[in-house]
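Enquirer: Sequence plus the predicted model coming up.
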Amino acid sequence: MTDDNLLATTRPGLEVDAARLEQWMSANIAGFRGPLSVKQFRGGQSNPTYLLETPHQHYVLRRKPPGELLASAHAVDREYRVLAALSEFPVPVPRVFALCEDAAVIGTAFYVMQHVAGRIVWDSALPEVPPDARRMHFEAMNAALASLHNVDYRAAGLADFGRAEGYIARQVSRWSKQYMADSDAGRIGAMDRLVEWLPAHLPESSAVAVVHGDYRIDNLVFHPTEPRVLAILDWELATIGDPIADFAYHLMIYRLPTLAIPGLVGVDLEAQGIPSESDYVALYCQRTGRESLPDLDVYLAYSMFRLAAIFHGIRGRVLRGTAVSPRAREYAQHVEALAECAWQQAERVG
């Protein structure tokens, strides 16, 4: 998908003073030359994202949204930090140019990074890719995530970027509390069972790495013509955590039907040129030096539970009339189905 397809009219309240931004970029980004024009991307719902165009070069800006926010949310400074750190390693990330924490420039903190031209793909079945190239695209996704998990986070200067211990336990607690607290969205039997089941079946992983937190195909920029990932985008949830949880969240498309987001259940993988789940897992293990992924079903149950909790929260916002995404009602319709998929994974464990 091209930039023109991804751009939209700037949403009310998210306008940017292009003249003031141009002045700041001239003073803080080496080689910058205007004039500057600003357009907003359709994505970046949490941290609004803009395409910055000049006759000489294009950039991307990610900003904190205006208004009252949770102290730990929308931390563009953390995104900037992890991208800057990973640029020293063989991980496909955009180059970052500058961070601005002065709200006087455009109203909120922001950073400017490289614009990576390429393809954004939304459907994991890759319908727009020739069948004989789909396996190579999957291998490219696998390689990009493995390259992240292979980074020595201490050597990257990210030892204090998150707590290394208890990542899964904290995540399960966080999403359980969020689910239980949203009474407007209602209670769901499978979710209630998972709230009790997951803490009793937490995997004992000792692996620690930089995790992306939302590694999906639509957060990747593929080369315009080659099966190669040029950039991993949307680092808002990045932290230090369990890489197997990060991989399982990406892998769960193999175990899900299409429920607002495209899944691969029901797809003839071999006929479509897509590697099997076992082959995909083996490839990740090979690239990260692992023999296997113990407790994978637990990780998948957790990943689906997390996604169901996110959709449950969206349902609550729909019912309260505060949902802003045009697809919010579609997401809200699939909470029960996602929760049942998660419980099925739990039952595989016993």
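Expert: Cool, the structure landed.
Enquirer: buried residues in stretch 16-32?
Expert: For stretch 16-32, burial by neighbour count (16 or more other Cβ atoms under 10 Å) applies to 16, 18, 21, 22, 24, 25, 32. Every residue, glycine included, has its C-beta placed from N, CA and C.
Enquirer: Next step: those residues restricted to strands.
Expert: Among the buried residues of stretch 16-32, DSSP state E puts none in strands.
Enquirer: Let me have these in a markdown table, adding pLDDT as columns.
Expert: Output for the buried residues of stretch 16-32, formatted as a markdown table (pLDDT from 0 to 100):
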| residue | pLDDT |
| --- | --- |
| 16 | 91 |
| 18 | 95 |
| 21 | 97 |
| 22 | 97 |
| 24 | 98 |
| 25 | 98 |
| 32 | 96 |
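Enquirer: got the residue ranges for the strands in this protein?
Expert: With DSSP E, the ranges of strands along the chain come out as 7-8, 37-41, 49-53, 58-63, 96-100, 110-114, 209-211, 220-222, 229-232, 239-241.
Enquirer: now for the ones you listed, which one comes closest to residue 171?
Expert: Closest to residue 171 of the strands of the chain, according to Cβ to Cβ: strand 239-241, at 7.8 Å.
Enquirer: what helices or strands is that closest one leaning on?
Expert: helix 167-181, strand 209-211 (3 or more Cβ pairs under 8 Å, 6 or more residues apart in numbering; DSSP states H and E).
Enquirer: residues of the longest one that come out buried?
Expert: Which is helix 167-181. Quick answer for helix 167-181 (16+ other Cβ under 10 Å): 167, 168, 171, 172, 175, 176, 179.
Enquirer: residue closest to the middle of this protein?
Expert: The centre of the chain sits closest to residue 214, judged by Cα atoms, centre = their mean, with a distance of 2.5 Å.
Enquirer: The longest helix seen in the chain to helix 167-181, inter-axis angle?
Expert: In the chain, with assignment by DSSP state H, the single longest helix is helix 296-320. Calculated by axes from the mean of the first three to the mean of the last three Cα atoms, to 10 degrees, helix 296-320 forms an angle of 30 degrees with helix 167-181.
Enquirer: Just the buried positions in helix 296-320, please.
Expert: Buried-residue list, helix 296-320, by 16+ other Cβ under 10 Å: 296-318.
Enquirer: ok, now which ones touch residue 82?
Expert: With contacts defined as Cβ atoms under 8 Å, 6 or more residues apart in numbering, residue 82 is in contact with 158, 161, 210, 235, 238.
Enquirer: If we use 6 Å, what do you get?
Expert: 235, 238 (Cβ atoms under 6 Å, 6 or more residues apart in numbering).
Enquirer: Now do it, the pLDDT please.
Expert: The predicted structure scores residue 82 at 98 on the pLDDT scale.
Enquirer: For residue 14, see how far away it is.
Expert: Here residue 82 is placed at a distance of 24 Å from residue 14 (Cβ to Cβ, to the nearest Å).
Enquirer: Residue 210 too?
Expert: Residue 210 is 29 Å from residue 14, by Cβ to Cβ.
Enquirer: The two: which has the busier surroundings?
Expert: residue 210 (27 against 16; other Cβ atoms under 10 Å).
Enquirer: so the more buried one touches residue 155, yeah?
Expert: No - proximity of residue 210 to residue 155 does not meet the contact threshold set by Cβ atoms under 6 Å, at 11.0 Å.
Enquirer: burial of residue 206, as a residue count?
Expert: Neighbours around residue 206, by other Cβ under 10 Å: 7.
Enquirer: so what's residue 205 up against?
Expert: Residue 205 neighbours (Cβ under 6 Å, 6+ apart): 242, 244.
Enquirer: Could I get the phi/psi values of it?
Expert: The phi and psi values for residue 205, taken as degrees, to the nearest 10, are phi -80, psi 140.
Enquirer: how near is it to residue 235?
Expert: Using Cβ to Cβ, residue 205 is found at 22 Å from residue 235.
Enquirer: ok, now residue 146?
Expert: Taking Cβ to Cβ, one finds residue 146 at 17 Å from residue 235.
Enquirer: what about these two, which has more around it?
Expert: Neighbours per residue, other Cβ under 10 Å: of residue 146 and residue 235, the larger number sits with residue 235, 25 against 20.
Enquirer: Let me know the pLDDT of that one.
Expert: Reading off the model, residue 235 has pLDDT 95.
Enquirer: go on, the one 10 residues further on?
Expert: Predicted confidence (pLDDT) for residue 245: 96.
Enquirer: ok, it - contacts?
Expert: Applying Cβ under 6 Å, 6+ apart, we find residue 245 in contact with 168, 299.
Enquirer: just residue 110 next, same as before
Expert: Applying Cβ under 6 Å, 6+ apart to residue 110 gives the contacts 61, 63, 100.
Enquirer: What about these, which one has the most neighbours?
Expert: residue 61 (26 neighbours).
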